[in-house]
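Chemist: What follows is a predicted protein model with its sequence.
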Amino acid sequence: MQGVGFRPFVHRLAAELGLAGWVNNSSQGVFIEAEGPRASLEQFLLRLRTEKPPRSFIQSMESWWLDAAGYAGFEIRPSETGGGKTAIIMPDLATCPECLHEIFDPQNRRHLYPFTNCTHCGPRFSIMLSLPYDRANTSMKRFAMCPQCGQEYRDPENRRFHAQPNACPKCGPHLELWDAGGAVLAARHEALLQAVKTVREGKILALKGIGGFQLLVDARNDEAVRRLRERKQREEKPFAVMYPSLDAVRADCRVADADARLLASPEAPIVLLKRRAALAPAVAPGNPNLGVMLAYSPLHHLLMFELKFPVVATSGNLSDEPICIDEREALQRLRNIADVFLVHDRPIVRHLDDSVARVVLGREQVLRRARGYAPLPVRLTAGRPATALDTASPVLAVGGHLKNTVALAIGPQVFVSQHIGDLETVQSYEAFLGVINDFERLYDAEPRWIAHDGHPDYLSTQFARSLLAHKAGPRGVSVQHHIAHVLACAAENELAPPLLGVSWDGTGHGLDGTVWGGEFFLVTATACRRVAHLRQFRLPGGAQAVKEPRRAMLGMIYEVFGESALAASDAPPMKSFAAADLPALAGMLRSGFNSPLTSSAGRLFDAVAAFLGLRQIVRFEGQAAMELEFALDGIETDETYSFEMECQEQTDGESMLVVDWRPIVRGILADVKGKLPVGLISAKFHNALAEVIVAVARRAGQPQVALSGGCFQNRYLTERVDARLEREGFRPYWPQRIPPNDGGIALGQIVATLMGAR
């Protein structure tokens, strides 16, 4: 791991034990030669593991005994740049307590300095130009250290010993406040104070942070938040909020011990919490949860210290675009959103959004993986479930279309990129291309395999196929979307086959040409075979049904009750449609025209949400399913709905288990007529889905069950399924550091390529 103070630690340990020799960085990792009495060397090897820096981890350590070379002392040698590049790059880390103390100490030379850092904290991945991690290979190379910073950098006893971004007010980056035209309004600390004044006045501030620009506005000011929504073109999707302190978070939200640890961790993600006090209604309309984070950089700490109230802190972009990282670019792209710009002159090498996480069953679950987590690798082990690790790599996986990430496998390490986003705009596609080029350059990799999704219309798939058509050498692999979900979960949890994989999400191109999303797979050492799925129904309008859950509802009703049920246009579920629209939609369902079949659990969630009157048209992905989950808040019941299962013979002679959810819908209809509360109906529906997974697991007979796909972002569903499987004697696993949504697809594509599963 490079960027955590490992070489200074080795130097201090060697000096304490009286050893001679050297340590250096290379593109492969850390190399050490230590010379001295054998007992001292054995102690050295032991303490390397037990006393290593807190943010480091040793994935492998090999040692050899050599003849003495006669070293005079112990030194940190210059880094070596040759050979294959496999060293692990450290993510950007939140400000450590020691640096925070210095920032607010009037006697310290870094008092109020917004770019304070040391070997324990600060920027890493966002400023790195190339391996190995040395100042000359970062965007800090333009800032020459002053004599005092240089002395710290060279002093083995100083915690800034070889801290590559080391700087101070004399020699480091500084702030400026610009107006929307780029004119300088103020500089250094005065720029920060004027930015604070702007936010207090209800204006929108564009802040150049660690991994890109953020848009900040007073979270208590509903008019200002609505103005931000209008300018950013973000209708209802919740905004994240930054708080000045943990105590302030506790005043507005329920914060368990695990939540507090995650908020204050070096990764410092946005954490989803239950809120109990209202900020401006426009911050998170209709949402009982709040995405909360604490200040994580010196600049944020100084800003929040002055403000002393929560602010919306959202990505500096228009919806569906990547965040801005350059101040001149920001002036162009954000000038119609922000009123003023707080910028600095330390270049950002690559964009890094704020990560998003929540606590599930006492453990963190990352929902968006970026700052603080990327690009830490997942280490694959032969048979768990990947094989052919060294002979197949490098492998490039280009991910899916939504929540895109890419991944690069070099030997057993899979480096998973930061969140790129939905490939819906020219800017997001350019960011996607940039991240691929960035990874290949950082690791000097020429992929031998390129893995992509099976959906022919995904931009990531089209890129991969175009690259394969015009570039000699690499071979292409098409990986089915839901297989990738399951294998990503299995790889992260180091599961050895066989196992049952449950892959539930909204949409994925199925191998039979239909839309999958409620799938069960039997994973063996060399294959991933679909063994069960939810009963299919039609989606009138195809892609439009994703944006209109009411269309999924029509397909569901048609499947359960037939076309005659659609004629009752005065029935409550039909009221959101114009009467003239229903005959045309019924005709689409009858003929199958532009009405693909789907087994999607996500679309089933949508249909039930629409049926219960919760959401007919969504403003962002997953909104209907989220509101169905919100409806059961506070309800505790084991009541459930019944369902049926049947085995169907396939053309290849294999049998397929099909879960018939129609009895669930009939039960919901009866409860609606009986005027049961919507929350109780939602709870019974969620419980029924958990029982579906338990029933299929019993049929499959595999003790290990891997849960993945966007539906397992639903906390209630995940916790209910986990509890029920454990009670029945199964061992459930779910994604934690790799998102369960499409942000994990690239990892699964890598694993499928290595094990030969498609």
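Modeler: Now that the structure is in, tell me what you want to look at.

Chemist: Scan this protein for its longest helix.
Modeler: The residue-count maximum for a helix in the chain (DSSP state H) belongs to helix 678-700.

Chemist: after that one comes which helix or strand?
Modeler: As assigned by DSSP states H and E, the chain's next helix or strand after helix 678-700 is strand 704-708.

Chemist: Which neighbouring elements make contact with that next one?
Modeler: The contact analysis (3 or more C-beta pairs under 8 Å, 6 or more residues apart in numbering; DSSP states H and E) places strand 704-708 against helix 481-492, strand 499-509, helix 678-700, helix 715-727, strand 731-733. Backbone N, C-alpha and C define where each C-beta goes, glycine included.

Chemist: if you set the cut-off to 10 Å instead, what comes out?
Modeler: If contacts are counted by 3 or more C-beta pairs under 10 Å, 6 or more residues apart in numbering; DSSP states H and E, strand 704-708 sits against helix 481-492, strand 499-509, strand 515-523, helix 678-700, helix 715-727, strand 731-733.

Chemist: and the third one with helix 481-492, angle?
Modeler: Put plainly, it is strand 515-523. Put simply, strand 515-523 runs at 40 degrees to helix 481-492, going by axes from the mean of the first three to the mean of the last three C-alpha atoms, to 10 degrees.

Chemist: Just the mean pLDDT for strand 515-523, thanks.
Modeler: Mean pLDDT, strand 515-523: 98.

Chemist: What of stretch 269-280?
Modeler: 93.

Chemist: for it, how far is the first residue from the last?
Modeler: From its first residue to its last, stretch 269-280 covers 22 Å (C-alpha to C-alpha, to the nearest Å).

Chemist: from memory Ser417 sits against Phe432, does it?
Modeler: Yes. Under the criterion of C-beta atoms under 10 Å, Ser417 makes contact with Phe432 at 9.3 Å.

Chemist: anything in contact with each of these two?
Modeler: 399, 404-406 (C-beta atoms under 10 Å, 6 or more residues apart in numbering).

Chemist: Relative to Trp734, which of those residues is nearest.
Modeler: For the shared contacts of Ser417 and Phe432, the residue nearest Trp734 by C-beta to C-beta is Thr405; the value is 18.1 Å.

Chemist: list the contacts for the closest one?
Modeler: By C-beta under 10 Å, 6+ apart, Thr405 lies in contact with 368-370, 374-375, 397-399, 416-421, 432, 435, 738-739, 742-747.

Chemist: Quick check: phi and psi at it.
Modeler: In terms of degrees, to the nearest 10, the main-chain angles of Thr405 are phi -130, psi 160.

Chemist: ok, which pair from the shared contacts of Ser417 and Phe432 is furthest apart?
Modeler: Pairwise distances among the shared contacts of Ser417 and Phe432 were taken by C-beta to C-beta; the largest, 7.2 Å, belongs to Asn404 and Val406.

Chemist: residue ranges for the strands of the stretch 51-200 of the chain, please.
Modeler: Along the stretch 51-200 of the chain, counting by DSSP state E, counting those that start in this stretch, strands occupy 74-76, 175-179, 184-187.

Chemist: Which elements pack onto the second one?
Modeler: With contacts defined as 3+ C-beta pairs under 10 Å, 6+ apart, the secondary structure elements packing on strand 175-179 are strand 184-187, helix 188-200, strand 205-208, helix 327-334, strand 340-344.

Chemist: Format those as CSV; extra columns: mean pLDDT, mean neighbour count and distance to Gln616.
Modeler: Listed next are the helices and strands packed on strand 175-179 as CSV, based on pLDDT from 0 to 100; neighbours: other C-beta atoms under 10 Å; distance: least, C-beta to C-beta, whole Å:
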stretch, mean pLDDT, mean neighbour count, distance to Gln616
strand 184-187, 98, 14, 46
helix 188-200, 98, 18, 37
strand 205-208, 98, 25, 35
helix 327-334, 96, 18, 33
strand 340-344, 98, 24, 39
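
Chemist: closest one to Leu707 among those?
Modeler: Leu707 lies closest, by C-beta to C-beta, to one member of the helices and strands packed on strand 175-179: strand 205-208, at 37.4 Å.

Chemist: Each with direction, which strands does that closest one pair with?
Modeler: Pairing partners of strand 205-208, with direction, according to DSSP bridges: strand 213-218 (antiparallel), strand 340-344 (parallel).

Chemist: residue ranges with poor pLDDT in this protein?
Modeler: Applying pLDDT under 70 to the chain picks out residues 1-4, 26-28, 54-60, 80-87, 382-392, 569-572, 757-758.

Chemist: Domain-wise, how is it divided?
Modeler: Split into domains by automatic domain parsing, the chain comes to 6-76, 175-344, 499-755.

Chemist: Out of the ones you listed, flag the one nearest Asp353.
Modeler: That would be domain 175-344 among those, by C-beta to C-beta, at 5.7 Å.
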